[in-house]
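**Student:** Next comes the sequence, and after it the predicted model I'd like to discuss.
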Amino acid sequence: MQLKPPVRYLFSSPQGDIEELPLQEPLKPAGDHPAITLGEYFAAMKDFLLTNREAVETAIGAILPRPRALADAGQILLRSEKLGALYHVASAEFIFADARPKLAVITAVSAVGRAWMQREFATLRRLHEAFGLPYLPRVYCLNEMVRRAPGGHSVTVTMFLAEWLEDYHEWHLSDGPHGRGLVIWDTKKGYRAATPAESRAIYRQAAKILALYYDAGDYSQIYPWHHAAGDFVVKTTGGAVDVKLTTARSYEPLMVFTAGDALNPLVALIYFFLNLTLQMRLDKLDGVGETAWAGAPCLQATVEGFFEAMQCQEREGRLAPGQAGDLLALCQSFSRQELQTLFEPLLDLHRQRDPGDLAVIEANLREHIGELHAAMRNFRL
């Protein structure tokens, strides 16, 4: 079967689209699997769109004011946006006479990547159904495609179709002439330093998003996530800042509490909050360098975003009336020594799950506790 309209294969670059592609070269990085060629990668995406024509048209219909048939597009642009160790990200742009909607096609080739993708797709779909919040991309379909690698090897690739977050960009900590701060990776207008107000809004909204998805009933949360992976993206329009979370790899309790613990839900919520204050401050310099630690303004914004989400959960009936205030009062009652004791299980958790960040957390923990203690004392709902 032929996919009509015609399809063009492109590479995205800061200088614009690149169309002269080495289609016979191996797709990088190959990792633990036979390397398919770049041409096979693009051909797999083309077949994926054809196989899932109904889902593609549903996704396009969610963007445009009226439904469109795939055959009505004058052209389709498949654009490789990012080749990663786990996933490869591409955009599919559909050229209609009056609109150019874009969707994301995410591909995994390695065994590890394909296993993660199956779980991630199910998690994203589950969270949309359970919460109906606008902070994660919508997903439409997932399929496995079989391709041929050089030498005749048969390679299975897994792909899913998702909402494309147009004009949303990664950000990362960077050391500049005025100290350490956030740089927004705007690939269209150029990288730029975020203003203090933008940085505060970015951290506040990121903390709010994670806290809104926290389930106080069974302690489930979105995890793992990391700023270094570009898991959050931001769109700035005028003075407005809008943050989204690009994915949810898993959704389950981070810490295991046995039935015999008879755990007070507030205690579980406190551990979620304390870990959020740590995790939100971690990144890698310029996205790829050494582990970096954000300054105190990040912490204040995290506190604001978390408690804003708790008040939202109260209004929606997900928390009991007054529970956000009770949580704040409990946190404000802790001494620095009590906070130190509460953080110890979290250090064990990072030792098991995120050993690469542990040294930076330990080096900054005493100061972090002092800053958190002061921030909580001064915070009001």
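**Tutor:** Right, received. Where do you want to start?

**Student:** from here on, contacts and neighbour counts on C-alpha atoms
**Tutor:** Noted.

**Student:** State the separation between the top helix by length along the chain and the centre of the chain it belongs to.
**Tutor:** Secondary structure of the chain read by DSSP state H shows that its longest helix is helix 355-378. Relative to its chain's centre, helix 355-378 lies at 24 Å (C-alpha atoms, centre = their mean, to the nearest Å).

**Student:** Next: stretch 111-122.
**Tutor:** How far stretch 111-122 lies from its chain's middle: 15 Å, per C-alpha atoms, centre = their mean.

**Student:** quick revisit: what comes up buried for the longest helix of the chain?
**Tutor:** 357-358, 361, 365, 368-369, 371-373, 375-376 (16 or more other C-alpha atoms under 10 Å).

**Student:** wouldn't His169 be in contact with Lys235 here?
**Tutor:** Yes: counting by C-alpha atoms under 8 Å, His169 does reach Lys235; the two are 6.4 Å apart.

**Student:** I'd like the distance between Phe272 and Leu161.
**Tutor:** Here Phe272 is placed at a distance of 31 Å from Leu161 (C-alpha to C-alpha, to the nearest Å).

**Student:** what does Asn264 give?
**Tutor:** Applying C-alpha to C-alpha to Asn264 and Leu161 gives a distance of 40 Å.

**Student:** These two: which is more packed in?
**Tutor:** Set Asn264 next to Leu161 and count neighbours by other C-alpha atoms under 10 Å: Leu161 wins out with 27 against 8.

**Student:** Quick one: mean pLDDT over whichever helix or strand that one is part of.
**Tutor:** Assigned by DSSP states H and E, Leu161 belongs to strand 154-163. Taken as a whole, strand 154-163 has an average pLDDT of 94.

**Student:** can you map out the helices along the stretch 1-150 of the chain?
**Tutor:** Secondary structure of the stretch 1-150 of the chain (DSSP state H, counting those that start in this stretch): helices located at 38-51, 53-63, 111-131.

**Student:** As a markdown table, these with distance to Gly179 would be great.
**Tutor:** Converted to a markdown table, the helices of the stretch 1-150 of the chain look like this (distance: least, C-alpha to C-alpha, whole Å):
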| stretch | distance to Gly179 |
| --- | --- |
| helix 38-51 | 41 |
| helix 53-63 | 41 |
| helix 111-131 | 36 |
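
**Student:** Using TSV, lay out these together with distance to Val146, mean pLDDT and mean neighbour count.
**Tutor:** Listed next are the helices of the stretch 1-150 of the chain as TSV, based on distance: least, C-alpha to C-alpha, whole Å; pLDDT from 0 to 100; neighbours: other C-alpha atoms under 10 Å:
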stretch	distance to Val146	mean pLDDT	mean neighbour count
helix 38-51	8	93	19
helix 53-63	18	96	17
helix 111-131	13	95	16
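
**Student:** Give me the domain ranges for the protein.
**Tutor:** Following automatic domain parsing, the chain resolves into domains at 7-163, 171-378.

**Student:** For the shortest one, measure first residue to last.
**Tutor:** Put plainly, it is domain 7-163. End-to-end distance for domain 7-163, by C-alpha to C-alpha: 20 Å.

**Student:** Report the distance from that domain to the chain centre.
**Tutor:** In terms of C-alpha atoms, centre = their mean, the centre of domain 7-163 is set 17 Å apart from its chain centre.

**Student:** do the longest one as well
**Tutor:** Remark: domain 171-378 is offset 14 Å from the chain centroid, using C-alpha atoms, centre = their mean.

**Student:** avg pLDDT for it?
**Tutor:** With pLDDT averaged residue by residue, domain 171-378 scores 93.

**Student:** Quick one: end-to-end distance for that domain.
**Tutor:** End to end - C-alpha to C-alpha - domain 171-378 spans 29 Å.

**Student:** which residue sits closest to Ala99, ignoring its sequence neighbours?
**Tutor:** Spatial nearest neighbour of Ala99, chain neighbours left out: Leu64 (8.0 Å); criterion: C-alpha to C-alpha, 6 or more residues apart in numbering.

**Student:** surely the one you found meets Lys102?
**Tutor:** No: in this structure, Leu64 is not within contact of Lys102 by C-alpha under 8 Å, at 10.5 Å.

**Student:** Neighbour count: those two, which is higher?
**Tutor:** Lys102 (22 against 12).

**Student:** For the more buried one, give the beta-bridge partners.
**Tutor:** Listed by DSSP bridges, the beta-bridge partners for Lys102 are Glu93.

**Student:** can you give me the offset of stretch 370-381 from its chain's centre?
**Tutor:** In terms of C-alpha atoms, centre = their mean, the centre of stretch 370-381 is found 28 Å from the chain centre.

**Student:** Numbering from 51 from now on, please.
**Tutor:** Right, with 51 as the first residue, what we last looked at is stretch 420-431.
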